[in-house]
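>>> Dropping a prediction and its sequence here:
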Amino acid sequence: QVPLVEPGGGLVQAGGSLRLSCTASGSIFSVDAMTWYRQAPGTQREFVAGILSGGDTKYEDSVAGRFTISRDSAGKTVFLQMNSLKPEDTAVYYCGVRGSDYAKRSFAEWGQGTQVTVSS
C-alpha cells in the first residue's frame, strides 16, 4: 500500500494561483507516472496533467500554458502549479501515482482529493 497525502487546495479569485502537492510514501521501489485529475460536481473525473519517470509531461488542452506539473528530486512528490485560474477550474483535484514496490508488485494509488474553488 502506498498512501498519498495531498495538502493544498483552497479558495482563490479568478486570475490567481494555487500550488498543489502530493507525496507518496511506503515501500516504493520506482514511480512510473504521477498524474493529476479533477472532478467537478456532476461530471466525470478528467485528466489534467501527468509526468512520466523520464520527465515527459502532458497536459489537458484547457490547462496547457497555465498549469505546470513537476516533481521533487526523490520522485515521490508531485506538484501542480496552477496560474491564471478560471472559475471553470473549480473541482476536486486528485493525484495519482503508478509504480512498483520493493517486492516488484505494481501499484496504482489515488490521493484523497483536495478542493479547489475559483471565484469570479
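Yes, it's here.
>>> so who does Tyr93 touch?
Going by CB atoms under 8 Å, 6 or more residues apart in numbering, Tyr93 touches 6, 9, 20, 36-38, 48, 80, 113-116. To be clear about C-beta, it is placed using only N, CA and C from the backbone, and glycine gets the same treatment.
>>> where do the strands sit along this structure?
4-5, 10-13, 18-24, 28-39, 46-52, 57-59, 67-71, 77-82, 91-101, 106-110, 114-119 (DSSP state E).
>>> Including mean pLDDT, could those go into CSV?
Below are the strands of the chain laid out as CSV (pLDDT from 0 to 100):
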stretch, mean pLDDT
strand 4-5, 86
strand 10-13, 96
strand 18-24, 95
strand 28-39, 94
strand 46-52, 97
strand 57-59, 98
strand 67-71, 97
strand 77-82, 96
strand 91-101, 95
strand 106-110, 93
strand 114-119, 96
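>>> Give me the distance between the spatially most central residue of the chain and Val116.
The residue lying closest to the centre of the chain (CA atoms, centre = their mean) is Trp36, at 2.9 Å. Look at Trp36 and Val116: by CB to CB, to the nearest Å, they are 11 Å apart.
>>> Could you tell me which residues touch both of the two?
Residues touching both Trp36 and Val116 (CB under 8 Å, 6+ apart) are 20, 93.
>>> Count the neighbours of Gly65 for me.
When neighbours are defined as other CB atoms under 10 Å, Gly65 has 10 of them.
>>> Likewise for Val5?
Val5 has 13 nearby residues by other CB under 10 Å.
>>> nearest spatial neighbour of it, skipping sequence neighbours?
In space, and not counting its chain neighbours, Val5 is closest to Thr23: 5.1 Å by CB to CB, 6 or more residues apart in numbering.
>>> Kindly report the same for Arg45.
Gln39 (4.2 Å).
>>> Kindly report the same for Ser70.
The shortest distance from Ser70 to any residue other than its chain neighbours is 4.9 Å, reached at Phe79 (CB to CB, 6+ apart).
>>> distance of Trp36 from Thr23?
Per CB to CB, Trp36 is found 14 Å from Thr23.
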